[in-house]
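# sequence unknown, structure follows:
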């Protein structure tokens, strides 16, 4: 039987908890409890029951009630040592501080009673060692003037727990509803094992003879998560799981399904496992200054047809943008078949050539050659004192009118948009509503959590399908980012252009043809580029060619065949090289 389970997910999940240990004829625990935050509310809900009877009504409630929904859960099974078997001594415990309700659960038992002093600021109601530890921790957090777990320096919290651990076995979980800290006993007496749950999945059920947790009983949602347990829980759904044991004395911080921080003990301690550490969701990395680049771009597109095309019209968006951050030194465009053409600027400000061909052809070659100076060396260098950096943004009426095409999310079923909105809000919550950090985290998370796979998506693949399946190509990742940003009321547009990957292509998702990314409009900063395929902000490696609401507004080449043609074969080659 696991003594303690803590779970963190990117958005709300409604798991079902089957307390098999309460079945008739089974050895009963001294108590059990589940704490969670409904709808990520700062107020916690706790179901707990001392000396439970077989088939208790409360246990049936947490198994069947779909309102048990949260991004954070703490479950505890009690084997009493300190204090009587009463409600006051049953975990998890809750305390209010900083206008939030904190939850705490402890696996293990202290050998010495913790002295809270004559007039403790936070006083236990019961007589358990766990509640005394909780009151001591909240007292220290309050004394430091911190009101959330995020404000507490992780190393300080680790040192507090490491020192308290001298009094006995101390494996514990502490949460303020947004973040959760989990500490592994310094002697390894009560271990902590982590499992990183990654979508896509259809069914996730795990447990042992005493407990079963079904994460997907009320619907299979593409939720990433971290599950911590004091024992390995077997999979009952066929999903592969790799549990990793934390080294004794280690502290981890979880937030919205991501492992934010992992701190080793202050003194050297033997590693409990040789498994590699999980991927940390480090704080969003802001871009450093990049060197200006002079880039030479060659773009060749070949169309071949089984039968002659007698009449066709083409739109070519191949002229790179020319502005203060990107200057076009030269541009040449050659088409192998003669026709009538004219250049114009479309409604998005893109340079477009409209070409009408009346001469029959079976092969059409379009070649573009450009020299571009990329000058956006530091996209976040200009930060005025009055810049609005918090979510939600507030737009003046005429600003919203001008930005409306870039604020409207794609037409998807309401249930899918609600799911995507919850996903977007997980980034907002994790970054304390900071605009820039939220966008950087979203950008880096898509790069880290989604697989780059060619040939399995199409132009019709929706943002929700990309989110649910966690794979795609640059176009898919751009569409997902745009959808998430717009659901947060942040203007976002699709960008088509070129990517300079350098001679080694280290850690880069290659664009075999043109590349796709996103620009979002930031107050008093303007349009800034985010490349979720590579997890970076766009600087002097990116060359913008066309922008629009969606891919169709910015596609490099498109056209209509009015007569002839037949089966079409398309080949595209792009080279981007830095000119010395």
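Done, it's in. All values reported here derive from a predicted model rather than from experimental measurement.

# can you tell me which residues contact the closest residue to residue 318 other than its chain neighbours?
Using C-beta to C-beta, 6 or more residues apart in numbering and skipping residues adjacent in sequence, the residue nearest residue 318 is residue 368, 4.2 Å away. Where C-beta positions appear, they are placed from N, C-alpha and C, glycine not excepted. Shown in contact with residue 368 (C-beta atoms under 8 Å, 6 or more residues apart in numbering): 297, 298, 299, 300, 318, 319, 331, 332, 333, 334.

# Okay, and residue 368 sits in which element?
Element membership for residue 368 (DSSP states H and E) is strand 361-374.

# what's downstream of that strand, the next helix or strand?
Strand 361-374 is succeeded, C-terminally, by helix 397-403 (DSSP H and E).

# now that next one, how far from the centre of its chain.
How far helix 397-403 lies from its chain's middle: 29 Å, per C-alpha atoms, centre = their mean, to the nearest Å.

# Kindly report the same for stretch 32-43.
Once both centres are worked out by C-alpha atoms, centre = their mean, stretch 32-43 turns out to sit 22 Å from its chain's centre.

# Domain map for this structure?
Segmentation of the chain into domains, based on automatic domain parsing, reads 4-263, 293-375+557-578, 397-554.

# want to throw the ones you listed into TSV with distance to residue 390 and mean pLDDT?
Formatted as TSV, the domains of the chain follow (distance: least, C-beta to C-beta, whole Å; pLDDT from 0 to 100):
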stretch	distance to residue 390	mean pLDDT
domain 4-263	15	90
domain 293-375+557-578	26	94
domain 397-554	5	91
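
# How about the strand holding residue 368, which residues are buried there?
361, 364, 366, 367, 368, 370, 371, 372, 373, 374 (16 or more other C-beta atoms under 10 Å).

# With stretch 252-260 instead?
For stretch 252-260, the neighbour count (16+ other C-beta under 10 Å) marks 252, 253, 254, 255, 256, 257, 258, 259, 260 as buried.

# from those, which two are the most distant?
Spanning the widest gap among the buried residues of stretch 252-260 are 252 and 256, at 14.1 Å by C-beta to C-beta.

# tilt between the longest strand anywhere in the chain and strand 361-374?
The strand that spans the most residues within the chain, counting by DSSP state E, is strand 293-316. Calculated by axes from the mean of the first three to the mean of the last three C-alpha atoms, to 10 degrees, strand 293-316 forms an angle of 150 degrees with strand 361-374.

# quick one: what helix or strand has the residue most central in space within the chain in it?
The residue lying closest to the centre of the chain (C-alpha atoms, centre = their mean) is residue 445, at 4.6 Å. Residue 445 is part of helix 435-449 when elements are defined by DSSP H and E.

# Show me what that helix is packed up against.
Under the contact definition 3 or more C-beta pairs under 8 Å, 6 or more residues apart in numbering; DSSP states H and E, helix 435-449 sits against helix 414-430, helix 474-487, strand 515-522, strand 526-531, strand 536-537.

# JSON lines for these, including distance to residue 221?
Shown next, in JSON lines, are the helices and strands packed on helix 435-449 (distance: least, C-beta to C-beta, whole Å):
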{"stretch": "helix 414-430", "distance to residue 221": "7"}
{"stretch": "helix 474-487", "distance to residue 221": "16"}
{"stretch": "strand 515-522", "distance to residue 221": "24"}
{"stretch": "strand 526-531", "distance to residue 221": "25"}
{"stretch": "strand 536-537", "distance to residue 221": "29"}
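
# Tabulate those (TSV), appending distance to residue 468 and mean neighbour count.
Putting these into TSV (distance: least, C-beta to C-beta, whole Å; neighbours: other C-beta atoms under 10 Å) gives the following:
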stretch	distance to residue 468	mean neighbour count
helix 414-430	9	19
helix 474-487	10	25
strand 515-522	20	24
strand 526-531	22	20
strand 536-537	25	23
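
# Tell me which of these lies nearest to residue 20.
Short answer: helix 414-430, nearest of the helices and strands packed on helix 435-449 by C-beta to C-beta, at 30.5 Å.

# and the closest one, what other elements does it pack with?
Contact analysis of helix 414-430 by 3+ C-beta pairs under 8 Å, 6+ apart lists strand 4-13, helix 435-449, helix 463-469, helix 474-487 as its packing neighbours.

# 6 Å - rerun?
strand 4-13, helix 435-449, helix 474-487 (3 or more C-beta pairs under 6 Å, 6 or more residues apart in numbering; DSSP states H and E).

# could I get those as CSV with distance to residue 327?
Listed next are those as CSV, based on distance: least, C-beta to C-beta, whole Å:
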stretch, distance to residue 327
strand 4-13, 41
helix 435-449, 26
helix 474-487, 24
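
# Please name the spatially closest residue to residue 492 (chain neighbours excluded).
Distance criterion C-beta to C-beta, 6+ apart; nearest residue to residue 492, sequence neighbours excluded, is residue 485 at 3.9 Å.

# Please look at that neighbour and residue 520 and confirm they touch.
Yes: at 5.4 Å, residue 485 counts as touching residue 520 under the criterion of C-beta atoms under 6 Å.

# Overlap in contacts, those two.
Common contact partners of residue 485 and residue 520 (C-beta atoms under 6 Å, 6 or more residues apart in numbering): residue 492.

# what sits against residue 495?
The contact partners of residue 495, by C-beta under 6 Å, 6+ apart, come to 517, 519, 544, 547.

# did I read that right, it in a strand?
Yes: Residue 495 forms part of a strand when assessed by DSSP: H, G, I helix; E, B strand; the rest coil.

# Any chance of TSV for the domains of the chain, columns distance to residue 286?
Putting the domains of the chain into TSV (distance: least, C-beta to C-beta, whole Å) gives the following:
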stretch	distance to residue 286
domain 4-263	17
domain 293-375+557-578	18
domain 397-554	7
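
# quick one: which of the ones you listed is nearest residue 381?
Taking C-beta to C-beta, domain 397-554 is the member of the domains of the chain nearest to residue 381, at 9.7 Å.

# quick one: terminal-to-terminal distance for stretch 338-348?
From its first residue to its last, stretch 338-348 covers 27 Å (C-alpha to C-alpha, to the nearest Å).

# what's the spacing between it and its chain's center?
41 Å.

# Give me the contacts around it.
For stretch 338-348, the external contacting residues (C-beta under 6 Å, 6+ apart) are 352, 353, 354, 355, 356, 357, 547, 548, 553.

# Now for residue 482: which residues touch it?
Contacts here follow C-beta under 6 Å, 6+ apart; on that basis residue 482 touches 492, 518.

# Please report how far it lies from residue 348.
Note on residue 482: its distance to residue 348, by C-beta to C-beta, to the nearest Å, is 14 Å.

# now residue 421
Residue 421 sits 26 Å away from residue 348, going by C-beta to C-beta.

# that older thread, quick one: the buried residues of stretch 252-260 as a markdown table, columns for distance to residue 182 too.
Below are the buried residues of stretch 252-260 laid out as a markdown table (distance: C-beta to C-beta, whole Å):
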| residue | distance to residue 182 |
| --- | --- |
| 252 | 5 |
| 253 | 8 |
| 254 | 7 |
| 255 | 12 |
| 256 | 15 |
| 257 | 14 |
| 258 | 13 |
| 259 | 10 |
| 260 | 11 |
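
# that older thread, only whichever of the contacts of residue 368 are buried, select them in PyMOL.
In PyMOL, this line selects whichever of these come out buried by 16+ other C-beta under 10 Å:
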select buried, resi 297+299+300+318+319+331+333
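
# Just the closest of the contacts of residue 368 to residue 524, please.
Taking these together and measuring to residue 524 by C-beta to C-beta, the closest member is residue 319, at 29.0 Å.
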